[in-house]
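Trainee: predicted model and sequence follow; I will ask about them next.
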Amino acid sequence: MWGNKKKGNQIDTIIAKGTCVEGNFNIAGNLFIDGEVKGDIRSDHSHEAIVSVGLNGQISGDLYAPYVVVFGHIKGDVHAAEKVELKPGAKVEGDLYYKVIEMNAGSEVNGKMIAMGESPQLEHQAEASEAHPDNEYHVAKQH
């Protein structure tokens, strides 16, 4: 029964309500926080790693993970390499870096919201270089 579940549905580490963890740490796999963390959290950056902050969850520090789901409160910057989901009642006090965002009514961000990824200008330059191979040589030569 347990072996049939996908990695994305499995929680590898839980910080339960009433638990307070202090210090910076790295995680492997999926993390669910319904307690309190005082320090930075970094995931192993696998493309499937998810950090979820429950309704009672609080983080005082920066968070780095491919996927982030927030119901609770984060005081610090959030770096979601792939996607961040802010559920109703979620509160982020810090800058939010993301590739894709899903923000529900009732969620709040007090900081900058910065979309990550390649800028359209860089993509356009790449297309121009492909269309005219000589352009790439001249651009490289000028720098």
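Mentor: Looks like it arrived, so ask away.
Trainee: what about residue 48, which SS state?
Mentor: coil (DSSP: H, G, I helix; E, B strand; the rest coil).
Trainee: residue 81 is in contact with that one, correct?
Mentor: No: Residue 48 is not in contact with residue 81 according to CB atoms under 8 Å; the separation is 11.5 Å. C-betas here are computed from N, CA, C, even on glycine.
Trainee: so which of those two has more stuff around it?
Mentor: Neighbour totals were compared for residue 48 and residue 81, and residue 81 leads with 18 against 15 (other CB atoms under 10 Å).
Trainee: wait, is the more buried one part of a strand?
Mentor: Yes: per three-state DSSP, residue 81 lies within a strand segment.
Trainee: isn't it up against residue 66?
Mentor: Yes: applying CB under 8 Å, one finds residue 81 in contact with residue 66, separated by 4.5 Å.
Trainee: still on that earlier bit, mind listing the shared neighbours of residue 48 and residue 81?
Mentor: residue 66 (CB atoms under 8 Å, 6 or more residues apart in numbering).
Trainee: please report phi then psi for residue 96.
Mentor: phi -120, psi 120 (degrees, to the nearest 10).
Trainee: give me the beta-bridge partners of residue 83?
Mentor: According to DSSP bridges, residue 67, residue 100 are recorded as the beta-bridge partners of residue 83.
Trainee: report the contact partners of it.
Mentor: So residue 83 contacts 66-68, 98-102 (CB under 8 Å, 6+ apart).
Trainee: ok, now which ones touch the residue nearest to residue 87 when sequence neighbours are not counted?
Mentor: Nearest non-adjacent residue to residue 87, counting by CB to CB, 6 or more residues apart in numbering: residue 71, 4.6 Å away. By CB under 8 Å, 6+ apart, the contact set of residue 71 is 52-55, 57, 87-90.
Trainee: for residue 71, give its distance to residue 114.
Mentor: Distance, residue 71 to residue 114, by CB to CB, to the nearest Å: 22 Å.
Trainee: please apply the same query to residue 41.
Mentor: Distance from residue 41 to residue 114, by CB to CB: 19 Å.
Trainee: ok so, going back, mind giving me the PyMOL select for the contacts of residue 71, buried ones only?
Mentor: To isolate the buried members of these in PyMOL, using 16 or more other CB atoms under 10 Å:
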select buried, resi 52+53+54+57+87+90
